[in-house]
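Asks: Sequence and predicted structure, then a few things I'm wondering about:
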Amino acid sequence: MSALTPLKNIEIYNQDERGGGAIIGINYPLKSDKEIAFCRNFITYSLQQRRNTYHYPKPQEFMEIDRFALFALFSKLTPDNLKVGILYKKGELLAPQRNKLHCLLRQDLGIANEIINKKIFFESRHLFNLSYEWEMFKPSSDYLRHELTELAHEFYPAPKEMIIAINNVCNLKCVMCELHNPELQKNHKNDFF
């Protein structure tokens, strides 16, 4: 296996003596020896366990994520679902077509209905399209604290917009509101609001 380098989105293919291999994806900041050591630990653990494993720093395990930081893929590969995802991203498929194809491909593989109809993707949709079976890698609480504080800007960039509602009533007159500002309302094309 090649040595880790401080790059993002690299893949390492590791051929073992049994003829099996793994795809390892890294989308992780490797800025210090601490982060490099953590990635090495993840890879070592994954190769020893030989199970599909992923990591993303989450405050709690039931939080959904939309990308990955690290993953190691060994089995239950669903490459056709990945291809469908790529076609959708390129704009060559509409969402209903994508969803139908994902279901059909998973049925063709004999995957259980509770997996086919999965609505919540704790491991991210991107990983779910690679394989339908994942295990979350759990770092030590000290390292997770490091990720969620010192590396928070890498994984959780500042929001571009924040909406705070102090009640559930709208008088349609806030001057800062793009939808209900009296001056901007003149430009509305319909009466939806």
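Replies: Perfect, I can see it now. Numbering: from 1, shown residues only.

Asks: list the contacts for the residue positioned nearest the centre of the chain?
Replies: Central residue check for the chain by CA atoms, centre = their mean: the C-alpha nearest the mean position is that of residue 67, 2.1 Å away. Neighbour list for residue 67: 27, 56, 124, 126 [criterion: CB atoms under 8 Å, 6 or more residues apart in numbering]. From N, CA and C alone the C-beta is placed, and that goes for glycine too.

Asks: Apply 10 Å and report the result again.
Replies: The contact partners of residue 67, by CB atoms under 10 Å, 6 or more residues apart in numbering, come to 27, 56, 124-127, 155.

Asks: of all the residues you listed, which comes closest to residue 139?
Replies: Using CB to CB, residue 56 comes nearest to residue 139 of the contacts of residue 67, at 10.6 Å.

Asks: Give me the mean pLDDT for stretch 49-64.
Replies: Computed over stretch 49-64, the mean pLDDT rounds to 90.

Asks: Counting neighbours, what do you get for residue 106?
Replies: Other residues lying near residue 106 total 20 when counted by other CB atoms under 10 Å.

Asks: Surely it touches residue 132?
Replies: Yes - judged on CB atoms under 10 Å, residue 106 makes contact with residue 132 at a distance of 6.9 Å.

Asks: hang on, the earlier thing: quickly note the distance from the residue nearest to the centre of the chain to residue 39.
Replies: 16 Å (CB to CB, to the nearest Å).

Asks: again with residue 97
Replies: When CB to CB is the yardstick, residue 97 and residue 39 sit 37 Å from each other.

Asks: in the chain, which ranges drop under the pLDDT threshold?
Replies: The chain contains residues with pLDDT under 70 at 1-20, 116, 118, 167-169, 172, 178, 188-193.

Asks: got the CA positions of stretch 50-68 in PDB?
Replies: Extracted as PDB, the C-alpha positions of stretch 50-68 are listed here (Å, rounded to 0.1, in the frame of the first residue of the first chain):
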ATOM      1  CA  ARG A  50     -12.400  -6.200   6.200                       C
ATOM      2  CA  ARG A  51     -15.800  -4.600   6.500                       C
ATOM      3  CA  ASN A  52     -17.100  -1.600   4.700                       C
ATOM      4  CA  THR A  53     -16.200   1.200   7.100                       C
ATOM      5  CA  TYR A  54     -16.700   5.000   7.000                       C
ATOM      6  CA  HIS A  55     -15.900   8.000   9.100                       C
ATOM      7  CA  TYR A  56     -17.300  11.500   9.300                       C
ATOM      8  CA  PRO A  57     -17.000  13.500  12.500                       C
ATOM      9  CA  LYS A  58     -20.600  13.600  13.900                       C
ATOM     10  CA  PRO A  59     -21.700  15.000  17.200                       C
ATOM     11  CA  GLN A  60     -23.900  11.900  17.500                       C
ATOM     12  CA  GLU A  61     -24.200   8.700  15.400                       C
ATOM     13  CA  PHE A  62     -27.700   9.300  14.200                       C
ATOM     14  CA  MET A  63     -26.900  12.500  12.300                       C
ATOM     15  CA  GLU A  64     -27.200  12.200   8.600                       C
ATOM     16  CA  ILE A  65     -24.300  13.300   6.500                       C
ATOM     17  CA  ASP A  66     -24.100  14.200   2.800                       C
ATOM     18  CA  ARG A  67     -20.400  13.300   2.200                       C
ATOM     19  CA  PHE A  68     -17.700  11.200   3.700                       C
END
